[in-house]
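In: take a look and give me a structure for this.
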Amino acid sequence: MKKLDDIDRQIVGYLLDNGRDRVTDIADSLKFNRVTVAQRIERLVRIGVIKRFTVKLDYEFFGLDVLAFVFISFKKTDDTTQEELAQIISRLEGVEEVHIIAGEFDIIARVRAKNLRELGEKVVNKIRGYSGVETTFSHIVFQTIKE
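Out: Numbers count the residues shown, from 1 in each chain. Have a look, this model is predicted:
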């Protein structure tokens with residue numbers, strides 16, 4: 001079990017909101033020594049607490065104005081498992097996340113598209129056409145408060 005102390009938690013919390021800041025800025029903001037912060041970040045990466053550093057995009061800038069959560073019911077077939085179906089869906093352009101879930105549906109996908117027509121094409125012509133997909137149910141996002 002990986003142990004995180006209060007300093008580790010503060011650094012991780014800071015990085016979640018300001019992942020591009022320099023180590024010096026992080027140290028100054030949290031009132032820690034720069035070397036301590038650098039060593040802690042390296043350790044957090046090495047032990048796998050921090051898996052990667054990434055970029056958060058403004059999707060509207062790229063014309064991807066529609067976000068939807070697509071719920072998918074899986075129907076067992078001889079040629080596709082639920083996990084294989086989830087992997088296939090994850091490779092579809094515009095699919096940001098795919099999760100195998102419990103409840104009424106079996107898989108949920110977070111999907112971005114330029115408009116409703118493009119979203120419909122992804123759901124109706126792609127996702128529904130995959131072996132193992134029984135039904136889909138799409139929820140369109142009106143506004144994102146927190147990601």
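In: flag the shaky bits of the chain, pLDDT-wise.
Out: Filtered on pLDDT under 70, the chain yields the residue ranges 1.
In: in it, mark out all the strands, start to finish.
Out: 66-74, 95-100, 107-113, 133-140 (DSSP state E).
In: nearest to residue 53, of those?
Out: Among the strands of the chain, strand 95-100 comes nearest to residue 53, with 17.2 Å by Cβ to Cβ. Bear in mind the C-beta positions are built from the backbone N, C-alpha and C, glycine included.
In: can you spell out which helices and strands pack onto the closest one?
Out: helix 82-90, strand 107-113 (3 or more Cβ pairs under 8 Å, 6 or more residues apart in numbering; DSSP states H and E).
In: hmm, back to that, so which of the strands of the chain gets nearest residue 50?
Out: Once the strands of the chain are compared by Cβ to Cβ, strand 95-100 is nearest, at 18.6 Å.
In: ok, and what's touching that closest one?
Out: 82-83, 86-87, 89-90, 106-112, 122 (Cβ atoms under 8 Å, 6 or more residues apart in numbering).
In: any idea which of those is the one closest to residue 65?
Out: Lowest distance from residue 65 to the contacts of strand 95-100 (Cβ to Cβ) belongs to residue 112, with 8.7 Å.
In: fine by me, we can end here.
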